[in-house]
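Asks: everything below, folded, please.
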Amino acid sequence: MKKSYIWGVLLVAVVLSIGVAFWINDKETESIVEDDGEESLNETDLSWVDGVHAAMLDDWQSGDKTFDERLVQEVMLDMTHQKVDTHVEEGTMEITAERIDHLMQITEEEEAVFFHNETYIDILKRRKENDFSTVEDDHQLLHSLYDR
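Replies: Numbers count the residues shown, from 1 in each chain. I've put the predicted structure just below:
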């Protein structure tokens, strides 16, 4: 009787621990949604997921050659992950006006070197205007360029 009681208590403790772990994980990955159903960029900070590239982009100065075309593609993909339901938690970066400006300036400065600079500028101009109507197409295009 005493052994079955101990095993019962142990089983309940394990089940509760697993349930709490799943609940905490679910709360961490849940997006904040405003009344109109749009994700809030101001309230949801996803930049921690790809903090290295976010920090590089935030610290970038004109003339700095730290971003090649492949890295620009990756950062732009990271930003689309915030708006496209890809079920990808890694490689997401918060879209900010400053980051868009830096990416535009990088792309313009590397115009002679980047093969797809016009594509990047077009996408970034839409992001700057908060136009996400083509974000899924942009995501697929960037993925196809990045996978080459």
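Asks: name the nearest residue to residue 132, sequence neighbours excluded.
Replies: Using CB to CB, 6 or more residues apart in numbering and skipping the chain neighbours, the partner closest in space to residue 132 is residue 83 (5.3 Å). C-beta: built from backbone N, CA, C; applies to glycine.
Asks: so is the one you found in a helix, a strand, or just coil?
Replies: Here residue 83 is recorded as coil under DSSP: H, G, I helix; E, B strand; the rest coil.
Asks: and it, its phi and psi?
Replies: phi -110, psi -20 (degrees, to the nearest 10).
Asks: ok, it - how many residues close by?
Replies: Residue 83 has 18 neighbouring residues, counting by other CB atoms under 10 Å.
Asks: give me the pLDDT value at it.
Replies: Looking at residue 83, its pLDDT is 86.
Asks: quick check, it in contact with residue 134.
Replies: No: contact criterion CB atoms under 8 Å: residue 83 and residue 134 do not qualify, at 10.5 Å.
Asks: hang on, isn't residue 67 packed against residue 106?
Replies: Yes: if you go by CB under 8 Å, residue 67 and residue 106 touch, sitting 4.9 Å apart.
Asks: give me the more crowded residue out of those two.
Replies: The neighbour comparison of residue 67 against residue 106 (other CB under 10 Å) goes to residue 106, with 25 against 21.
Asks: wait, what's in contact with that one?
Replies: Counting by CB atoms under 8 Å, 6 or more residues apart in numbering, residue 106 makes contact with 60, 67, 72.
Asks: now it: how far from residue 13?
Replies: Relative to residue 13, residue 106 is positioned 53 Å away (CB to CB, to the nearest Å).
Asks: show me how this protein divides into domains.
Replies: 1-29, 45-146 (automatic domain parsing).
Asks: SS state for the residue nearest the centre of the chain?
Replies: Nearest to the mean C-alpha position of the chain, by CA atoms, centre = their mean, lies residue 92 at 1.7 Å. Of the three states, residue 92 takes coil according to three-state DSSP.
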